[in-house]
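Asks: coordinates only, sequence not included:
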Ligand SMILES: [Fe+2]
Ligand SMILES: [Fe+2]
């Protein structure tokens with residue numbers, strides 16, 4: 001793990017071949033601790049998944065620059081419209097003049113066609129995008145965990161699931177990658193922060209994601225995780241629907 005900003009503690013760690021987790025620990029008023037992660041897929045056409053909140057842009061930019069020149073970025077992707085997902089989208093579009101927003105068709109139609117300084121590349125459900133060695137597939141996951149526009153990406157070469165807000169863990173002093181249980185801590189966080197919408201399609205969507213058999217889960221908040229992703233996703237479905 002490389003610390004790219006000693007003041008904030010922003011750090012970079014390669015969690016799968018060519019996939020880097022950028023993480024910044026934060027402390028909120030009142031003392032609650034949290035982390036914001038972004039994932040950089042370094043390839044012929046590099047993809048940054050989640051921009052981080054707008055106020056963290058200088059830190060995330062510095063971290064991306066430790067892996068590759070920021071102007072090389074091709075895609076600025078995210079799961080759904082929220083500040084930590086795409087708050088600095090326009091800053092990134094300016095920093096990487098060849099880049100374009102990457103999102104699902106609902107986000108493109110409802111928000112990004114208007115909010116973003118350049119038109120998005122909207123991925124349809126199940127559509128694959130080649131970045132070079134890596135291939136990402138978009139899954140529409142409406143309302144899972146939240147947002148009509150919500151969707152997630154799997155990277156097929158490394159079987160890395162960019163799982164966004166799923167398995168969100170509180171706290172900030174967490175390892176970049178863990179093989180320990182994250183379902184318990186993330187369910188504990190969900191019970192305190194109730195951020196799921198509990199769609200009737202919850203189990204079917206999670207089963208579809210489990211069928212991709214991910215080996216690494218790239219969580220947006222907390223540690224990334226290594227293990228039998230299919231089993232963990234089915235355990236989450238059990239917990240959400242019990
Ligand atoms: Fe979210
Ligand atoms: Fe988030």
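Replies: Ah, there it is. Because the structure is a prediction, the values reported are computed rather than measured. Numbering: from 1, shown residues only. Ligands and ions are numbered 1, 2, ... in the order given.

Asks: Please make it C-alpha for all contacts and neighbour counts, starting now.
Replies: Will do.

Asks: Against which helices or strands is the longest helix along the chain packed?
Replies: Using DSSP state H, we find that the single longest helix of the chain is helix 229-241. On a contact count with 3 or more C-alpha pairs under 8 Å, 6 or more residues apart in numbering; DSSP states H and E, helix 229-241 meets helix 202-210.

Asks: Pull up the gap between residue 73 and residue 92, please.
Replies: Separation of residue 73 from residue 92 (C-alpha to C-alpha, to the nearest Å): 9 Å.

Asks: again, but for residue 25
Replies: Counting by C-alpha to C-alpha - residue 25 and residue 92 are separated by 21 Å.

Asks: Ok, residue 206 next?
Replies: Distance from residue 206 to residue 92, by C-alpha to C-alpha: 31 Å.

Asks: between the two, who's got more neighbours?
Replies: residue 92 (24 against 20; other C-alpha atoms under 10 Å).

Asks: For that one, list the residues it contacts.
Replies: Listed by C-alpha atoms under 8 Å, 6 or more residues apart in numbering, the contact partners of residue 92 are 51, 76.

Asks: My reading is that it lies in a strand. Confirm?
Replies: No - assigned with DSSP: H, G, I helix; E, B strand; the rest coil, residue 92 falls outside any strand and is helix.

Asks: any idea what sits nearest the residue nearest to the spatial centre of the chain, other than its immediate chain neighbours?
Replies: In the chain, the centroid-proximal residue (C-alpha atoms, centre = their mean) is residue 164; its distance is 3.8 Å. Distances taken as C-alpha to C-alpha, 6 or more residues apart in numbering place residue 220 nearest to residue 164, at 4.9 Å, with adjacent residues excluded.

Asks: Just list whatever residues bridge to the residue nearest to the centre of the chain.
Replies: Bridge pairing for residue 164 (DSSP bridges) gives the partners residue 219.
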